[in-house]
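**Student:** Following is a predicted model, sequence given first.
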Amino acid sequence: MRWDLLIIILALYNCISIPYEVCYGSAFTESVGLDVFEYSIEVLFFVDILINFRTTYVNPKTGDEVLSAWRVAFWYVFYGWFWVDLGASLPLELIVVVILRKELTGGLKFLGLLKLIWLLWLGRIISYMKIKSNYKTGFKIV
């Protein structure tokens, strides 16, 4: 639960920082410490993907918890959120910089907005919370 809460907080930070950087550029946020913080967020999102490969699930047909590592990995890749998580975690803006060997132009900065896909993940976490359904709906709206 603590790990999920940390990921939620980091996703909410991305919800604010990424649109700000796309709209206003990085002129206001040029800081080595901030860059290190944002790269560490990306690393934590990749760690979350690795953790999801080892997180058990409940088989919807039988209601049994699946503990087999291979079955969990198969389920995560083919029926779970792997592709959404991977798409949101890839630093596409850095990949473009490395491949093209030049700085991002204004037209390519929108690639950072793909990280907002993590917002879909928040709905999944909210549905697992042990609170009243009215509160869950309120959280999802916010």
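**Tutor:** Now that the structure is in, tell me what you want to look at.
**Student:** Tell me if I'm right that Phe46 and Leu90 touch.
**Tutor:** No. Counting by CB atoms under 8 Å, Phe46 stays clear of Leu90, with 9.1 Å between them. C-betas here are computed from N, CA, C, even on glycine.
**Student:** Past the worst-scoring helix or strand of the chain on mean pLDDT, which element shows up next along the chain?
**Tutor:** Among the secondary structure pieces of the chain, namely its helices and strands, helix 118-128 has the lowest mean (mean pLDDT, DSSP states H and E), a mean of 67. Scanning forward in sequence from helix 118-128 by DSSP states H and E, the next helix or strand is helix 133-141.
**Student:** In that following helix, which residues are buried?
**Tutor:** Lys136 (16 or more other CB atoms under 10 Å).
**Student:** Quick one: mean pLDDT for the longest helix along the chain?
**Tutor:** Scanning the chain for the longest helix, with DSSP state H as the assignment, gives helix 2-24. Looking at helix 2-24 alone, the average pLDDT works out to 79.
**Student:** for stretch 69-85, same thing?
**Tutor:** pLDDT averaged over stretch 69-85 equals 87, rounded to a whole number.
**Student:** circling back: what angle do helix 2-24 and the helix or strand following the longest helix of the chain make with each other?
**Tutor:** Per DSSP H and E, helix 2-24 leads on to helix 32-52 as the next helix or strand towards the C-terminus. Relative orientation of helix 32-52 versus helix 2-24 (axes from the mean of the first three to the mean of the last three CA atoms, to 10 degrees): 130 degrees.
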